[in-house]
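Peer 1: Structure for this input, please:
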Amino acid sequence: MIDIGILVIIGILLALAFDFGNGRNDAANAVSTVVATRVLSLPAAVLLSAFFNFVAAFVFSTEVAHMIGTGVVDTSVISIYVVLSCLISAIIWVYGLCWLGIPISSSHSLIGGLVGATIVSSGFDAVKSAGLIKIVSFIFFAPLLGMVFAYLFSLLLFFIIRKMPPAKVKSNFKLIQLISVSFYSLGHGTNDAQKTMGIISLLLFIGGYLGGAFTIPFWVVIISHLTIALGTLAGGRRIVKTMATKITKLRPVDGFCAETAGAGVIWLCSAFGIPVSTTHVIAGSITGVGVMNRTSAVNWNIAKKIVAAWFLTIPLTALLAASVYIIMAFALGL
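Peer 2: Numbers count the residues shown, from 1 in each chain. Presented below is the predicted three-dimensional model:
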């Protein structure tokens, strides 16, 4: 058998590789609106997003990390090999679909992987159904909330500025959108980096490095936010193109509405410890803005493809992680 300390180190490295890929994939979600409206160039937008992804480490609590670490599976029965299988499947999914330019949920790839490997190793009873149901339900609720919030916020804002000259609206919201994209990136950093925190802390807990209580060490908080920020700097150009130009056409005021609504949904969910997909939220928010302008402004074919990827993420990563665990168990004689 491989020494537990070596396995924990391998697991942490895999978790950081996932975190980097998460930042690279979701950077596109955080900056797509501000790039689409030509308020910032892609390099400048990515740099701004990376900065606020890291700053989020000093702003929010770690409720989401605790949910990932203890709210999905029974930590008393799973092994470190389950977590390794989960990470391997999530990395394959995130990097593979990012390369294809398909916006997917890095969050749900992690959840699916953890559930799939746990079921194969310890049975269905080891999965905490209440926590899983809460997370899965927000596959529906998160984008819907983003769409509704963006739609209503757009209606209110457009009523307020209805008498403002179009040229002034454009110039004013080019500046204001810098604020909204910063708040969105801050929310993205806190919710998404916490998923890696939860997994690393789970590795440490299973390995016996946290004592008898599940906690999130501060160094885990810092390294998770730093890594997701570095991933954001790498940026996912293909996904930026999909999110920024293919769902609907955006103006600075539209981008402001989508980012503000998306940030509100993410911050609200983070406060209640609910891990949501920032991909789902911003796609829903962009769609809500498009619908407010007119239904035909939304490219529903692209929206359908994105939604299909969302629904496939958990079951396919669960199957992938289960397969990885079976291969690992056979090779190592577990």
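Peer 1: Following the chain onward from the longest helix seen in the chain, which element is next?
Peer 2: When the chain is scanned for its longest helix (criterion: DSSP state H), the result is helix 166-206. Going down the chain from helix 166-206, the next helix or strand is helix 218-234, by DSSP states H and E.
Peer 1: Buried by neighbour count: which residues of stretch 211-219 qualify?
Peer 2: Of the residues in stretch 211-219, 214, 216 count as buried by neighbour count, 16 or more other Cβ atoms under 10 Å. All C-beta spots, glycine's among them, are computed from the backbone N, C-alpha and C.
Peer 1: how far is that stretch from where the chain is centred?
Peer 2: 23 Å (Cα atoms, centre = their mean, to the nearest Å).
Peer 1: Likewise for stretch 10-17?
Peer 2: 17 Å.
Peer 1: Just the buried positions in it, please.
Peer 2: 11-12, 14-17.
Peer 1: For residue 208, see how far away residue 5 is.
Peer 2: 10 Å (Cβ to Cβ, to the nearest Å).
Peer 1: Tell me how many other residues crowd residue 56.
Peer 2: Taking other Cβ atoms under 10 Å as the criterion, the count of residues near residue 56 is 24.
Peer 1: Next: residue 271.
Peer 2: The number of residues packed near residue 271 is 13, by other Cβ under 10 Å.
Peer 1: right, and it touches residue 63 too?
Peer 2: Yes - taking contacts as Cβ atoms under 8 Å, residue 271 lies within contact range of residue 63: 7.2 Å.
Peer 1: who touches residue 48 in this structure?
Peer 2: 31, 40, 178, 181-182, 185 (Cβ atoms under 8 Å, 6 or more residues apart in numbering).
Peer 1: Repeat the analysis, applying 10 Å as the threshold.
Peer 2: 30-31, 34, 40, 178, 181-182, 185, 232 (Cβ atoms under 10 Å, 6 or more residues apart in numbering).
Peer 1: Need the max-distance pair from those.
Peer 2: Within those, 178 and 232 form the most distant pair, 16.5 Å apart (Cβ to Cβ).
Peer 1: More neighbours: the two, which one.
Peer 2: Taking neighbours as other Cβ under 10 Å, residue 178 and residue 232 compare with residue 232 leading, 33 against 18.
Peer 1: ok, the more buried one to residue 50 distance?
Peer 2: Taking Cβ to Cβ as the measure, residue 232 falls 4 Å from residue 50.
Peer 1: and if you look at residue 57?
Peer 2: From residue 57 over to residue 50 (counting by Cβ to Cβ), the distance is 12 Å.
Peer 1: now residue 233
Peer 2: Taking Cβ to Cβ, one finds residue 233 at 5 Å from residue 50.
Peer 1: who has more neighbours, the two?
Peer 2: A direct count of neighbours by other Cβ under 10 Å for residue 233 and residue 50 places residue 50 higher, at 25 against 18.
Peer 1: That one: which element?
Peer 2: Residue 50 is part of helix 42-55, with elements assigned from DSSP H and E.
Peer 1: mind saving the C-alpha coords of that helix as CSV?
Peer 2: Extracted C-alpha coordinates of helix 42-55, given in CSV (Å, rounded to 0.1, in the frame of the first residue of the first chain):
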residue,chain,number,x,y,z
LEU,A,42,-9.6,40.1,-22.8
PRO,A,43,-6.1,40.4,-21.1
ALA,A,44,-7.2,43.4,-19.0
ALA,A,45,-10.5,41.7,-18.0
VAL,A,46,-8.8,38.5,-17.1
LEU,A,47,-6.2,40.3,-14.9
LEU,A,48,-9.0,42.2,-13.1
SER,A,49,-11.0,39.0,-12.5
ALA,A,50,-7.9,37.2,-11.3
PHE,A,51,-7.2,40.0,-8.8
PHE,A,52,-10.7,39.8,-7.3
ASN,A,53,-10.6,36.0,-7.3
PHE,A,54,-7.7,36.2,-4.9
VAL,A,55,-9.1,39.1,-2.8
